[in-house]
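[1] generate a structure from the sequence data that follows.
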Amino acid sequence: MLTRASWIRQGLLYFILGLFVLLTLTPICFMLISSLKNNAQIYGDFWALPVPPNFSNYGDGFAVIWRYTMNTVLYALVGGALVVFLSALSGYTFAKKKFLGKETLFMLILALMMVPSVLTLIPSYVLYADLGLLNTPWVIIINAAAVGQVFGIFLCRSFMAGISNELFESARIDGANEVVVFVRMVLPLSLPVLMTIFIMTSLNIYNDYIWPLLTIKSNSIQMIGVGLTQFKNQFGVSNMGVEFAAYAISSLPLVLLFSFGMKYYIQGVSQGALKM
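    Take a look at the predicted model:
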């Protein structure tokens, strides 16, 4: 039976958690309410309910950002899949194979995680300019694969090191080669951590702003982070209601991603943390 002190502690805990939830949901509610207003309603009383609601804002917002959204979803899917494949391949090699200098090479890869991305921004720009990849989708996809697989290798190596070696040895005794072992055993057993890497990489690509702003000039292949700034009319005035509606629309792919992948994401984070 709970004592009075226990009830007070639990009540205080629920109050603090409820306060955090309220602080988290307030910007989202403000965005959804403002997406149904025009500029006069927003400037007049931005906390008031939209009367009447302007549902046409969503149609106008979608007409502006649909191409940016499709581009970003495509980059996120391809870049995420590429990071997952490279991370799984490298993580399996570091976890289950023996070769000269393995630990030293792994430490060097981990050292890259300590380098702030802003320090490599100009060298990366010069590199991709010399390769002729500026203003192409590849400058986003290849850069995401190069940056994302560092942490992905760390997660995969930690996770795959906990998989029993007897499973792989029995498969080899039955005649399976390394390709079969990797595709039919390693990848299915590592699905939680691979899904975690895919979600994290896709989220980073989708929310990126500085890199596409710097490297992509054509609107036809631009990303959503930059596209959400394109709401000024010929007089330089931004329609804030349409802009908020575009924010809400652009968040839907991430909501869907987390809705279908949250179970694997939680499993990958929790199991990876236990094995580390």
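[2] neighbouring contacts of stretch 255-268?
    155, 159, 191-199, 202-203 (C-beta atoms under 8 Å, 6 or more residues apart in numbering). Just so you know, the C-beta spots here come from the backbone N, C-alpha and C atoms, and that holds for glycine as well.
[3] of these, which is the most crowded?
    The most crowded member of those, judged by other C-beta atoms under 10 Å, is residue 197 (30 neighbours).
[4] that one touches residue 84, doesn't it?
    Yes: using C-beta atoms under 8 Å, residue 197 is in contact with residue 84, at 5.4 Å.
[5] count the neighbours of residue 161 for me.
    Residue 161 has 15 neighbours, counted by other C-beta under 10 Å.
[6] likewise the one 3 residues further on?
    Residue 164 has 9 neighbouring residues, counting by other C-beta under 10 Å.
[7] and what of residue 254?
    16.
[8] for it, which non-adjacent residue is spatially closest?
    Leaving aside its chain neighbours, residue 254 sits nearest to residue 206 (6.2 Å; criterion: C-beta to C-beta, 6 or more residues apart in numbering).
[9] all helices of the stretch 51-200 of the chain, in order?
    56-96, 102-111, 121-130, 138-160, 165-173, 178-181, 187-189, 191-207 (DSSP state H, counting those that start in this stretch).
[10] okay, and the common contacts of residue 197 and residue 84?
    Residues touching both residue 197 and residue 84 by C-beta under 8 Å, 6+ apart: residue 152.
[11] return the per-residue confidence for residue 177.
    We have a pLDDT of 83 for residue 177.
[12] thinking again about what came up before, which of the helices of the stretch 51-200 of the chain sits closest to residue 252?
    Judged by C-beta to C-beta, the one of these that comes nearest to residue 252 is helix 56-96, at 8.5 Å.
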